[in-house]
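> sequence and predicted structure below; questions after.
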Amino acid sequence: MALWRAYQRALTAHPWKVQVLTAGSLMGLGDVISQQLVERRGLREHQTGRTLTMVSLGCGFVGPVVGGWYRVLDRLIPGTTKVDALKKMLLDQGGFAPCFLGCFLPLVGTLNGLSTQDNWAKLQRDYPDALITNYYLWPAVQLANFYLVPLHYRLAVVQCVAVIWNSYLSWKAHRL
């Protein structure tokens, strides 16, 4: 409980920094889970650079983009009624999620050194499956998030759920 209170204090004092660091940390955790539990690499075969890449993506891309999106979404659709939450979820999943995945997957490919042609082929292969998988998880999570969670906690809530999603994305993005 003391850790939660410390997190709340830090979030109040430095909301943007804490949100970005939270996203980076949980993206890294998702990659560790992917490498250790899904891919069963073991500690000797763990790719530390890959984990650091995912942390960097969390801090430099996911945290700022998703955190900024939630602010924009709250301006576009102010309010917290069930109808407002439904509208936010539909806009999030119908507009933002496809664009976000379409940027995230090639960004990982680029950071992994894929050529433009290989990155395009990988995006064509992986994007449809990643988007469909997104729709199994995120609409319900986002509906609850937009209805129940105050704006400054949304990124943290999503990133906690996203530990599993990040494990999937890390596996999908690093699968050749």
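Received it, and whenever you're ready, just let me know what you need.
> which helix or strand contains H46?
Using DSSP states H and E, H46 falls within no helix or strand.
> can you check A85 too?
Assigned by DSSP H and E, A85 falls in helix 82-91.
> against Q36, how distant is the residue of the chain positioned farthest from its centre?
Among residues of the chain, the one most distant from the C-alpha centroid is R44; the distance is 26.9 Å, by C-alpha atoms, centre = their mean. Going from R44 to Q36 by C-beta to C-beta, to the nearest Å gives 11 Å. C-beta here means a position set from N, CA and C on the backbone, and glycine is covered the same way.
> again, but for L91
36 Å.
> so those two - more neighbours on which side?
Legend: neighbour count by other C-beta atoms under 10 Å for L91 and Q36, higher for L91 (18 against 15).
> wait, V149 touches Q159, no?
No - contact criterion C-beta atoms under 8 Å: V149 and Q159 do not qualify, at 11.9 Å.
> more neighbours: which of the two?
Q159 (25 against 18).
> OK, contacts around that one?
T22, A23, L26, M27, G58 (C-beta atoms under 8 Å, 6 or more residues apart in numbering).
> kindly report the same for K88.
L73, D74, I77, Q142, F146.
> for it, give me the pLDDT.
pLDDT for K88: 97.
> and for the closest residue to it other than its chain neighbours, the neighbour number?
Counting by C-beta to C-beta, 6 or more residues apart in numbering, K88 lies nearest to F146, which is 4.2 Å off, once chain neighbours are set aside. Neighbour count for F146, taken as other C-beta under 10 Å: 25.
> so F146 touches D84, yeah?
Yes - applying C-beta under 8 Å, one finds F146 in contact with D84, separated by 7.2 Å.
> host element of the residue nearest to K88?
helix 116-148.
> residues of the helix or strand just after that helix that come out buried?
Using DSSP H and E, the helix or strand that follows helix 116-148 in sequence is helix 151-174. Within helix 151-174, the residues that count as buried by 16 or more other C-beta atoms under 10 Å are 152-159, 161-163, 165-174.
> tell me the angle of helix 151-174 relative to helix 116-148?
Put simply, helix 151-174 runs at 150 degrees to helix 116-148, going by axes from the mean of the first three to the mean of the last three C-alpha atoms, to 10 degrees.
> right, I'll call it a day here.
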